[in-house]
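# structural data only, the sequence is not supplied:
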């Protein structure tokens, strides 16, 4: 019951700006979200060449420039006297969103996770999984628990200071047999 209360508190806290409407273009390329987060890095510079060289995998400077334009046009970043700033500390979608843009985004991010498995040293990543049986009736409870964990991670990130780098945390849940 305490977890449910905390979950509802996080979900309704107003800390998370919902991405909606034309802002869904944010999900058309994996690097839009990374560039948006990079503005909080220590020593951030808004030059596309600087950003390009720090993305992993690297993205062409012209694509970074287009991304910055998109983030500014859709109100996800704003210009300041010192450079750029996020308009909201944390952005999100609905828990059950099924848009093509978001599905493509997740597919691309999972591909980056696969690349990381092969290219990033083990001490700089954590990739694991767990397989177990579950009652069909408990599946919705498990989904809600994972949504809670995701909201806790976003809250943790929103409380942080300027970072040294950007990380990605993927959470996936899917049936491996019929009957769920």
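Ah, there it is. These figures come from a predicted structure and were not determined experimentally.

# for residue 91, give me the pLDDT.
pLDDT, residue 91: 85.

# surely it meets residue 27?
No: if you go by CB atoms under 8 Å, residue 91 and residue 27 don't touch, sitting 10.4 Å apart. For every residue, glycine as well, the C-beta is placed using N, CA and C.

# of these two, which one has the most company?
The neighbour comparison of residue 91 against residue 27 (other CB atoms under 10 Å) goes to residue 27, with 22 against 18.

# now that one: how far from residue 64?
Going from residue 27 to residue 64 by CB to CB, to the nearest Å gives 17 Å.

# what is in contact with residue 91 and residue 27 at once?
residue 19 (CB atoms under 8 Å, 6 or more residues apart in numbering).

# ok, residue 164 to residue 43 distance?
From residue 164 to residue 43 the distance is 9 Å (CB to CB).

# tell me where the protein has strands.
Remark: strands assigned in the chain by DSSP state E are 16-18, 77-80, 83-86, 90-92.

# low-confidence ranges, the chain, go.
By pLDDT under 70, the low-scoring segments of the chain are 1-16, 97.

# so what's the closest residue to residue 52 other than its chain neighbours up against?
In space, and not counting its chain neighbours, residue 52 is closest to residue 61: 4.5 Å by CB to CB, 6 or more residues apart in numbering. Going by CB under 8 Å, 6+ apart, residue 61 touches 48-49, 51-52.

# against residue 66, how distant is residue 117?
For residue 117, the distance to residue 66 (CB to CB) stands at 29 Å.

# more neighbours: which of the two?
Legend: neighbour count by other CB under 10 Å for residue 117 and residue 66, higher for residue 66 (15 against 11).

# from residue 116, how far out is residue 67?
In terms of CB to CB, residue 67 sits 21 Å off from residue 116.

# those two - which one has more neighbours?
Between residue 67 and residue 116, counted using other CB under 10 Å, the more crowded position is residue 67 (24 against 17).
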